[in-house]
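# requesting a structural model of the entry that follows:
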Amino acid sequence: MGVIQMAFGASQILGLPAGLNLSYRWSWHTQFLAIAVFNVTGGLVIAMRLRPINAHLAAPQESKALLHLWDAVAEPRYLVALAATALLTIGGYMLAPFLSAFTVHNLEIRFGRLPIIYLVTGLCTIVTEPLIGKATDAIGVPIAIFVNVPMFICIFLRMIPLC
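Numbering: from 1, shown residues only. Model prediction:
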């Protein structure tokens, strides 16, 4: 999971500084056009190169898809895991759009310096996420606590200047 989550760090290294530079040099519309071009290109490559993964459809179905989904959501253990995943994801996406504005207006860092901040942040994320993933696999709960405590402290500390 650390390697998969590393994609968020990579997006900071590649996506955010590139998007900020595009909007700084031309217009804020340019980065959305670039995203569209990359997505269409990626979609075409996937459509041409990826072979269908449909062998599982030939196997007999134990239940209908919606019934299977309902069974998963009705299981309290799964519900807690699904809710935690959803809240972690939603929290990140609710916070991320405001980071640039917060940095520029509250911390008074010039807009032109944002790519450097995101580049360093992304590099640190790419290096640390696989290490944390391996440590969590090897050690388990203690490393999860070691990582979660500072993370939650930082998450809630950001609210203090808001008040």
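# how is the residue lying farthest from the centre of the chain assigned, secondary-structure-wise?
Within the chain, Pro60 marks the point farthest from the mean C-alpha position, 35.3 Å out by C-alpha atoms, centre = their mean. For Pro60, the secondary-structure state derived from DSSP: H, G, I helix; E, B strand; the rest coil is coil.
# what do you get for Arg51?
Per three-state DSSP, the local secondary structure of Arg51 is coil.
# how close does it sit to Gly43?
Separation of Arg51 from Gly43 (C-beta to C-beta, to the nearest Å): 16 Å. C-beta coordinates here come from the backbone N, C-alpha and C atoms, glycine included.
# quick one: which of those two has more around it?
Comparing Arg51 with Gly43 by other C-beta atoms under 10 Å, the one with more neighbours is Gly43, at 10 against 5.
# output the contacting helices and strands for the helix or strand where the more buried one lies.
Element membership for Gly43 (DSSP states H and E) is helix 28-49. Using 3 or more C-beta pairs under 8 Å, 6 or more residues apart in numbering; DSSP states H and E, the elements in contact with helix 28-49 are helix 16-25.
# Provide the backbone phi and psi angles at Ser63.
Main-chain torsions, Ser63, degrees, to the nearest 10: phi -150, psi 170.
# pull the contacting residues for it.
Contact analysis of Ser63 by C-beta atoms under 8 Å, 6 or more residues apart in numbering lists Asp71.
# and it, how far from Arg77?
Here Ser63 is placed at a distance of 19 Å from Arg77 (C-beta to C-beta).
# packing partners of the helix or strand where Gly92 lies?
Using DSSP H and E, Gly92 falls within helix 76-101. Applying 3+ C-beta pairs under 8 Å, 6+ apart, one finds that helix 76-101 makes contact with helix 65-74.
# and the angle for the helix it packs on with helix 76-101?
Angle, helix 65-74 to helix 76-101, by axes from the mean of the first three to the mean of the last three C-alpha atoms, to 10 degrees: 90 degrees.
# give me the residues contacting helix 65-74.
Contacts made with helix 65-74 from outside it, assessed by C-beta under 8 Å, 6+ apart, are listed as 62-63, 78-79, 82.
# if we can go back for a sec, quick one: buried residues of the helix holding Gly43?
For helix 28-49, a neighbour-count test (16 or more other C-beta atoms under 10 Å) marks Gln31 as buried.
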